[in-house]
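Asker: model this:
(one chain, ligands or ions: 2)
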Amino acid sequence: MRLDCLIIGYNDTPFSRHLDLVGRKGGQAIEYRTARHDHVRFDGQRLPYMDLLSELDRRRSGAGAGHVGYHIGEVPNLAAVYLTSHLRRHGYEADFVSAFRPEQDRLAALLTERDPVLTVITTTFYVSPGPVIELVEFVRERNPETMVVVGGPLVANLIVDADAATLPWVLAEIGADVYVHDGQGEDTLRRLTAAVRDGRPLEDVPNLLWVRDGETVVSTRRVPENNSLDECAIEWGQFDGADLGPVLQTRTARSCAFKCGFCDYPIRAGALSLASLETIERELDAMAELGATDVVFIDDTFNVPLPRFVDICQLMIRKGYGFRWYSYFRCGNVRGSDMFDLMARSGCAGVFLGIESGDDTVLKAMSKSASVDRYRNGIERLNERGIMSFASFIAGFPGETERTVQHTIDFLNDVAPTFFRIEPWWYNHRAPIHQQAAKYALTGRDFRWRHATMDSAGACDAVDRVFAEVTESLWMPMWNFDFWALPYLLGRGFSPEQVVRLHRLGRDLMVLNDGEDAGTAARRRVAERALVDWYAGVDSRPSRYGSAAGSPTLR
Ligand code: B12
Ligand code: SF4
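Answerer: Ligands and ions are numbered 1, 2, ... in the order given. Next comes the predicted model:
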């Protein structure tokens, strides 16, 4: 039967391609310096952690090149699941592909055999159009007739950033037939699917853009969506547990009630909107029914408001689902110990902490509504209960100095969250801090900026310093990994200790990334051997992707 809609999750750029691109910017470019902490050199290859695991698995199993032993796309892409569920609920034939690269063959088969009327490209993760262009070309080669639709955050950001003269050019370059312009967009997609299927004109559907004659952007009327999270919750029963795997992501809230100086998400996503406890219970029941072992709540502030968070933890205890769960967590908002006990009893296995700085003046400049003391208390309570934590930091926000960086190092060594990472500040002109540019003598944008107390190169130096001097918490790389790799790996059968060990051994190898002399090479061989030996003791479930033909993840 013909598909009404095929939805594509995410397209991860191969790391080697990324290195080539950022390498061309020169060794001092921030992107290049950041990439140094995102991979290890292993037997002559530069591999981010997920590819390192695939390589260890390939050697152990004797599989051939192209073996995808590990890929974060095994966790079903949430936007793709969400949009598929939304369309199915309204009676449309919809299916999704979680990750393009390891599922290329399946995507090609769906495009030719199920001949979708619409092919939808989600853009949750893209800060530039490159990955979308690659997908559009792939889709058109396999099915020139399908209508290619692109929407989501990338489109919204391009519309805000590009001026009237460049927007048609950028959209034409991406090459889709239609763009959805809305912070949500699911209902526009439903209307578009109906219109195309029924042969009605696109002009009937709000929130659309397309390019006419390569130079004019045509837009239909704007009707911003405000979809109810209760009415639009994912109906997990529509899916097969074996297809989805044991690690599932969901969200119980949209947007965020805070206004951190560096973040534009609440501006983009609108007012905070919450799903009811009944909806959450229905979703969790269905996930348990599908056999989920690990559930990830991607809400930006899962424990705000606190009474609701208590209700959710109590619900998980009462229902005895037995799965481990993970979320972002504002640990500075929680006092006392009871809440942490409740989290542990309800199965919390790991939390993402947006700490940002170990210095109160920087936290204040960030409008973080948090203090170092409250953070300290929160992390200590988590550590006592064996809940793993990942603490994320920003280097170089206005107000940052050598001294405040030292405070971050001291904080990490003193409080010891399980994992941490620090990244140079990315100056986003859409974020609230931009309104205070004059106060901080701020100039530039993105990864090239300067303010009264630091510039972007100084922020990179600070990252190197924190990486080198923190000994009591383990560096967790970002590239296709990040905190979200924790549920994935535990779901694949790793023990928490094995995940910790991976990070310890990975760091031993990562510190040797830059060296070329004989001494470094000898140390590298020892560190590589330790990883091979460690992996010999890992008894993980097989990958869903295995030797996916044509997967260039390891190239
Ligand atoms: C989980 C996660 C990951 C995981 C994903 C695992 C997986 N299997 O899915 C991993 C670790 C892989 C990851 C990687 C990265 N991530 Co990430 N990630 C997230 C996280 C926590 C959740 C994303 C999510 O699923 N959202 C839920 C979906 C439902 O929301 P949504 O995309 O907004 O979709 C809605 C609409 O936008 C719309 N929509 C989306 N696309 C389309 C298309 C059409 C046609 C229509 C109609 C509608 C539509 O539909 C949805 C329903 O309304 C977010 C933070 C957050 N809390 O959201 C960061 C986030 C998305 N990640 C981010 C970034 C920067 C990255 C990386 C680039 C980091 C890096 N340098 O490596 C990589 C990119 C990887 C890649 N392939 O390119 C940024 C994105 C910034 C941006 N887009 O401006 C975020 C917002 C974090 C942040 N605040 O910085 N990430
Ligand atoms: S960083 Fe997190 S808590 Fe702060 S405004 Fe953004 S989404 Fe909200």
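Asker: what does this protein have sitting close to ligand 2?
Answerer: Within the chain, the residues that sit near ligand 2 (C-beta under 6 Å from any ligand atom) are 256, 258-260, 263, 265-266, 300-301, 354. Every residue, glycine included, has its C-beta placed from N, CA and C.
Asker: closest to residue 280 out of the residues you listed?
Answerer: Lowest distance from residue 280 to those (C-beta to C-beta) belongs to residue 301, with 15.3 Å.
Asker: and the residue of the stretch 51-200 of the chain that's closest to ligand 2?
Answerer: Ranked by C-beta to the nearest ligand atom, the top residue of the stretch 51-200 of the chain for proximity to ligand 2 is residue 153, at 13.0 Å.
Asker: check the secondary structure at residue 523 for me.
Answerer: Assigned with DSSP: H, G, I helix; E, B strand; the rest coil, residue 523 falls in the helix class.
Asker: verify the stated contact: it with residue 512.
Answerer: Yes - contact criterion C-beta atoms under 8 Å: residue 523 and residue 512 qualify, at 5.8 Å.
Asker: do a quick rundown of the helices in the stretch 301-450 of the chain.
Answerer: 306-319, 338-345, 360-365, 372-384, 402-415 (DSSP state H, counting those that start in this stretch).
Asker: one more: the stretch 151-300 of the chain?
Answerer: Counting by DSSP H, counting those that start in this stretch, the stretch 151-300 of the chain has helices at residues 153-161, 166-174, 186-198, 241-244, 265-269, 277-290.
Asker: returning to that earlier point: with distance to residue 33 and mean pLDDT added, can I get the helices of the stretch 301-450 of the chain in TSV?
Answerer: As requested, the helices of the stretch 301-450 of the chain are exported to TSV (distance: least, C-beta to C-beta, whole Å; pLDDT from 0 to 100):
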stretch	distance to residue 33	mean pLDDT
helix 306-319	38	97
helix 338-345	36	97
helix 360-365	21	98
helix 372-384	27	97
helix 402-415	16	98
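Asker: got the ones you listed as CSV, with mean neighbour count and distance to ligand 1 columns?
Answerer: Shown next, in CSV, are the helices of the stretch 301-450 of the chain (neighbours: other C-beta atoms under 10 Å; distance: least, C-beta to the nearest ligand atom, whole Å):
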stretch, mean neighbour count, distance to ligand 1
helix 306-319, 16, 16
helix 338-345, 17, 19
helix 360-365, 19, 18
helix 372-384, 19, 19
helix 402-415, 19, 19
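Asker: would you reformat these as a markdown table and include distance to residue 30?
Answerer: A markdown table is the format used below for those (distance: least, C-beta to C-beta, whole Å):
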| stretch | distance to residue 30 |
| --- | --- |
| helix 306-319 | 36 |
| helix 338-345 | 36 |
| helix 360-365 | 19 |
| helix 372-384 | 26 |
| helix 402-415 | 16 |
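Asker: spell out which residues of this structure are next to ligand 1.
Answerer: 10-12, 72-73, 75, 77-79, 82-83, 120, 122-127, 131, 149-153, 180, 184-186, 188-189, 249, 251, 265, 298, 300, 478-480, 482, 484.
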